[in-house]
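Engineer: using only what follows, build the 3D model:
(one chain, ligands or ions: 1)
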Amino acid sequence: MLFGSRGGAVPVTEKNANKMWGGRFAQSPAEIMQEINASISFDKVLAPQDIRGSKAHAAMLGETGIITRADAREILRGLDQVAAEIESGSFVFARELEDVHMNVESRLKEIIGPAAGRLHTARSRNDQVATDFRLFVRDAADSLIRSIGELQGALVEKAEVHAGTVMPGFTHMQSAQPVTFGHHLLAYVEMLGRDRGRFVDARRRLNECPLGSAALAGTSFPIDRQKTAEELGFDRPMANSLDGVADRDFALEILAAASITAMHLSRFAEEIVIWMTPQFGFVRLSDRFTTGSSIMPQKRNPDAAELVRAKVGRVAGAFQGLLMVMKGLPLAYSKDMQEDKEATFDALDSLRLGLAAMTGIVRDVEPVAETMRAAAGRGYSTATDLADWLVRELKMPFREAHHVTGSIVKAAEDQGLDLENVPLEAMQAIEPRISKGIFSVLSVENSVKSRKSYGGTSPQNVAKMARNWAKRLEKEAAGR
Ligand code: ARG
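Structural biologist: As a prediction, the model looks like this:
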């Protein structure tokens, strides 16, 4: 309801009383109360996790004798039917029933009758939702970990092919020193490797089970928390029932990891956008990941990359939003925490999409080697190589070599020449001990070849690093 609700009080009748908690209420909720309170419009995506959690709980109640085995069997059968109805799309979610938990339980009652009322023994929606949400976030983390690996794989493949393809490296967005395209791509592989590590790490801490915390204090029933934890793939039950229902740091950690990953994708997307401009012309991108303009026939727009660049806003916004929801909340559960879901769902899905789009872009992007090479040679990008030669061959202190090189660059600039083309005599006029050997370090190819220090851009290094990564990624993919 958008406008027009007066929100007047309506007396409770058999029909409109809330079946789950209506016992002591004399009036039904105002329309606006329902609107602000209900979460079913978005938490229905938790239905698979909710049913999984309920089945684990019901089985445990049966095995411990808290309910009869016959009732447990009925509940399990009914939950399977609910799951099938949701999957087939025939399930009708009702706002009056607030959230996914009560929608599922209410349908269960229609299917199996009074035994459904025993499912909520020794449980509260507080530990129920904490469990569902953890399971959901865990699934999303697992899938994101795989997607990061796929993007890394695409980058590594391209890096192997272009281990020796020279391009300008930039600092301050100014040509700095030549690097190789493969080296540049592997920089992102490293970043994504740390991103993956953050997800793996957060997942390990996340993997404890809140179910059995009940409302906040635990329960007087002899439940087996070890059993339900194990059944749901958790490493152990959470050790404190208040903590179990009160914290969402697991979602925050995953959102923080997601924000950093999305930030990395955004930087790379920005580079793709820049490289694709006619002014740069460093790469070509297939029709599959670009769009045309409805008015300018010549255009090819990098929409996919631009959207990847933008997605970080929603992801980091979700992190900030949840952090602010949690800030200042007293223990244990408060309804504020229902606000944990929408933005988290959106953020994790946005990152999934961003990773998938970027993987496609990387597979399809082709560097224009001649353009990159020519650009790499402009802007006196081998000036550092010249200075290094003076240090190595003439034993000049680096500071002095820097000064001499500066004078040579100035001479080149005055004559409108690249460093490679400055005549030997012109250099000797500045530093008489310079010999023709210096030209060997002034080409961009020799410049990158010489950068053999560990982690440097030499094609040899890059090819080796790419091979190492390919092996590591294979192991990681097999390990999960
Ligand atoms: N829909 C609620 C949520 O997402 C479920 C828990 C409700 N608990 C309660 N005590 N009202 O947080």
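Engineer: which non-adjacent residue is nearest Glu445?
Structural biologist: Val166 (6.4 Å; CB to CB, 6 or more residues apart in numbering). Backbone N, C-alpha and C define where each C-beta goes, glycine included.
Engineer: so that neighbour bridges to which residues?
Structural biologist: Val166 has the following beta-bridge partners by DSSP bridges: Thr180.
Engineer: for it, give me its contacts.
Structural biologist: If you count contacts by CB atoms under 8 Å, 6 or more residues apart in numbering, Val166 has them with 178-181, 369, 372-373, 376, 444-445, 448.
Engineer: go again with 10 Å.
Structural biologist: Listed by CB atoms under 10 Å, 6 or more residues apart in numbering, the contact partners of Val166 are 178-181, 183, 367, 369, 372-377, 381, 443-445, 447-449, 457, 459.
Engineer: just the closest residue of the stretch 251-400 of the chain to the ligand, please.
Structural biologist: The ligand sits closest to Gln338 of the stretch 251-400 of the chain, with a gap of 3.6 Å, by CB to the nearest ligand atom.
Engineer: not counting its neighbours along the chain, what's nearest that residue?
Structural biologist: Ser39 is the one closest to Gln338 (CB to CB, 6+ apart), at 5.2 Å.
Engineer: residues in contact with that neighbour?
Structural biologist: When contacts are counted by CB under 10 Å, 6+ apart, Ser39 touches 46, 95, 98-101, 129, 335, 338-339, 341-342.
Engineer: quick one on the thing from earlier: list the ones among the contacts of Val166 that fall in strands.
Structural biologist: Per DSSP state E, strands hold the following members of the contacts of Val166: 178-180, 367.
Engineer: with distance to Met324 added, can I get those in JSON lines?
Structural biologist: Shown next, in JSON lines, are the ones in strands among the contacts of Val166 (distance: CB to CB, whole Å):
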{"residue": "Pro178", "distance to Met324": "46"}
{"residue": "Val179", "distance to Met324": "41"}
{"residue": "Thr180", "distance to Met324": "44"}
{"residue": "Pro367", "distance to Met324": "43"}
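Engineer: the ligand: which of those is nearest?
Structural biologist: Pro367 (48.3 Å).
Engineer: which residues does that closest one contact?
Structural biologist: The contact partners of Pro367, by CB under 10 Å, 6+ apart, come to 158, 161-162, 165-167, 180-182, 184-185, 275, 282-284, 373.
Engineer: now for those, which pair is the farthest apart?
Structural biologist: Thr180 and Arg284 (18.1 Å; CB to CB).
Engineer: name the residue in the two with the higher neighbour count.
Structural biologist: Higher neighbour count among Thr180 and Arg284: Thr180, with 30 against 15, using other CB atoms under 10 Å.
Engineer: contacting residues for that one?
Structural biologist: Thr180 is in contact with 159, 162-167, 169, 186, 367, 372, 376, 444-445, 448-449, 451, 457-459, 461-463, counting by CB under 10 Å, 6+ apart.
Engineer: pull out the buried members of the contacts of Val166.
Structural biologist: 178-181, 183, 367, 372-373, 375-377, 381, 443-444, 447-449, 457, 459 (16 or more other CB atoms under 10 Å).
Engineer: inside helices: which ones of these?
Structural biologist: If you go by DSSP state H, the buried ones among the contacts of Val166 have 181, 183, 372-373, 375-377, 444, 447-449, 459 in helices.
Engineer: pLDDT for the residues you listed - can I get that in a markdown table?
Structural biologist: Formatted as a markdown table, these follow (pLDDT from 0 to 100):
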| residue | pLDDT |
| --- | --- |
| Phe181 | 98 |
| His183 | 98 |
| Met372 | 97 |
| Arg373 | 96 |
| Ala375 | 95 |
| Ala376 | 94 |
| Gly377 | 90 |
| Val444 | 93 |
| Ser447 | 93 |
| Val448 | 96 |
| Lys449 | 95 |
| Pro459 | 98 |
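Engineer: remind me which residues of the stretch 101-250 of the chain are low pLDDT?
Structural biologist: Across the stretch 101-250 of the chain, nothing is flagged by pLDDT under 70.
Engineer: near the ligand, which residues of it show up?
Structural biologist: With CB under 6 Å from any ligand atom as the criterion, the stretch 101-250 of the chain meets the ligand at residues 125-126, 129.
Engineer: just among these, which is most surrounded?
Structural biologist: Ranked by neighbours (other CB under 10 Å), these are led by Val129, which has 26 neighbours.
Engineer: in what helix or strand does the spatially closest residue to it that is not a sequence neighbour lie?
Structural biologist: Leaving aside its chain neighbours, Val129 sits nearest to His101 (6.7 Å; criterion: CB to CB, 6+ apart). Per DSSP states H and E: His101 is located in helix 100-112.
Engineer: list the buried residues of that helix.
Structural biologist: Applying 16+ other CB under 10 Å to helix 100-112 flags 100-108, 111-112 as buried.
Engineer: now stretch 252-268
Structural biologist: For stretch 252-268, by 16+ other CB under 10 Å, it's 252-262, 264-266, 268.
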